[in-house]
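Enquirer: Pasting the sequence and the predicted model now:
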Amino acid sequence: MKQYIFTILFTATVTLALSWAVWRLSLRFKLYPGIRERDVHKTPTPRLGGIAMFLGMVAAFAVSAFTPYFSIFWSNPVQVYAILGAMLLTVVVGIADDLWDLDWMIKLGAQFLAAGMIAWLGHLQIYSLPIYGMTVPSSAVSFALTVFAIVIVMNAVNFIDGLDGLVAGVCLIASGIFFAYSYIVARDGGASSYFNLASFIAAVVIGACLGFLPLNWSPAKLFMGDSGALVLGLLMATSAIAITGQFDPATLDPAEFGRSQLLGAFIPILLPIAVVILPLIDFASAVLRRYWGGKSPFSPDRKHLHHRMLDMGHSDIAAVLIFYAWTAVIGISILLMYIATSQDWFGQYWIGVVFALIGIAACLVVTFSPSRRPVRHPSGESRS
């Protein structure tokens, strides 16, 4: 655990220092776009924070190569290089989009290429689903399923990037929960070492988000842009696939750790989805909304979940904190169910259910009790 804590602190420190440097250089050379109609901020702000996050994460990977504890995944360096290559491609295209606003087809093509690098070169694929030993029928289906899963999470994370500190905080909380899950899975599975690629990637994401948040908190001095949000989505999806997609279905006997049969079979796939549930909901609703409106699924608008919360009357900070709360409640609830059933706690998975009910009730009250009146169109109709 000490090595993971070091990884988090090291990544956070490097990312913070580089974020400050990128911010100063962006201001000096005026590397920031104008205000767009859908933007919430009113002052031109640099959007190249993803560069600092990327370099901070690469630094963590570089240090891990010389750390004996992490030799377990460096024994297959091609896999790590595939992840780094996919990150580099994503960042380069993201930077170009942040500066020159690329066509959505170019961005989507680059995302599929990056995901393909991880699935094909890195051999990180969804070979099985932890649902009663369900296996993927062929290598082609495994490859396609993996690529689409990564691209969907990348865009889901990017779609909620609209308020100061929103993406960094949500990814920090989600990755923190997933780190705990992956560490516990390694422990419960009787692994000879608790150091694994999934936990390491989650720790790196936690560190990058921690280091970036000070400059991204409201009022933000620096945005992560597409280059940052897409890389975070890429790594979060890769981390989930590295642990849940690699399980041997024969080892997923729900009775192995004393879990209830139904819950034990579904939790390994529920948690990775739960920690990014809000971005996934926003992504799905945006795609459907734009499709029904005859627009491109990636055409920008001002109808995302965070925009609707602002229109309901929440302040920027309140909306961000509510997103944090929803992410934490949903993710921690599933994690508690896993821990309770694996450790045979009294009440078993009902501990997580009770936590979820109380947390969701509290979140609903706060969400639908804004401190201000809803924002209205000039015609007088509410925009929420």
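Expert: Perfect, I can see it now.
Enquirer: hmm, which helix or strand of the chain has the shakiest average pLDDT?
Expert: Least confident helix or strand, the chain: helix 261-274 with a mean of 60, by mean pLDDT, DSSP states H and E.
Enquirer: Beyond it, next helix or strand please.
Expert: Per DSSP states H and E, the first helix or strand lying C-terminal to helix 261-274 is helix 277-292.
Enquirer: By neighbour count, which bits of that next one are buried? Give me those.
Expert: In terms of neighbour count (16 or more other C-beta atoms under 10 Å), helix 277-292 has its buried residues at I277, L278, P279, L280, D282, F283, A286, V287, R290. Glycine gets a C-beta too; all of them are placed from N, C-alpha and C.
Enquirer: okay, the closest residue to I160 other than its chain neighbours: pLDDT?
Expert: Excluding its sequence neighbours, the residue lying closest to I160 (C-beta to C-beta, 6 or more residues apart in numbering) is P279, at 5.0 Å. Note for P279: predicted pLDDT of 82.
Enquirer: Who are the contact partners of P279?
Expert: P279 makes contact with V153, A156, V157, F159, I160, V170, G233, according to C-beta atoms under 8 Å, 6 or more residues apart in numbering.
Enquirer: Between the two ends of stretch 292-300, how far is it?
Expert: Start-to-end span of stretch 292-300 (C-alpha to C-alpha, to the nearest Å) is 14 Å.
Enquirer: Dump stretch 209-221 to CSV, keeping only the CA atoms.
Expert: C-alpha atoms of stretch 209-221 as CSV (Å, rounded to 0.1, in the frame of the first residue of the first chain):
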residue,chain,number,x,y,z
CYS,A,209,-6.7,14.6,-10.5
LEU,A,210,-5.4,15.6,-7.1
GLY,A,211,-2.6,17.6,-8.6
PHE,A,212,-4.8,19.3,-11.2
LEU,A,213,-7.8,20.3,-8.9
PRO,A,214,-6.1,23.2,-7.2
LEU,A,215,-5.9,25.1,-10.5
ASN,A,216,-9.2,23.8,-11.8
TRP,A,217,-11.4,24.6,-8.8
SER,A,218,-13.8,27.5,-9.1
PRO,A,219,-12.9,30.0,-10.3
ALA,A,220,-10.7,27.8,-12.6
LYS,A,221,-7.3,29.1,-13.8
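Enquirer: Now tell me what touches that stretch from outside.
Expert: 8, 11-17, 19-20, 23, 41, 43, 45-46, 49, 52-53, 56, 163-165, 168-169, 171-172, 175, 222-224, 228, 232, 316-317, 320.
Enquirer: Which of those residues are buried, as a PyMOL select command?
Expert: Command for PyMOL that selects the buried part of those, burial taken from 16+ other C-beta under 10 Å:
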select buried, resi 8+11+12+14+15+16+19+20+23+41+45+46+49+52+53+56+163+164+165+168+169+171+172+175+222+223+224+228+232+316+320
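Enquirer: among the contacts of stretch 209-221, which are in helices?
Expert: The helices, defined by DSSP state H, take in 8, 11-17, 19-20, 23, 49, 52-53, 56, 168-169, 171-172, 175, 228, 232, 316-317, 320 from the contacts of stretch 209-221.
Enquirer: Hmm, Y338 is touching S182, no?
Expert: No. Judged on C-beta atoms under 8 Å, Y338 makes no contact with S182 at a distance of 11.1 Å.
Enquirer: Have a look at the two and say which one is more surrounded.
Expert: Neighbour comparison, Y338 and S182: the larger count goes to S182, with 27 against 24 (by other C-beta atoms under 10 Å).
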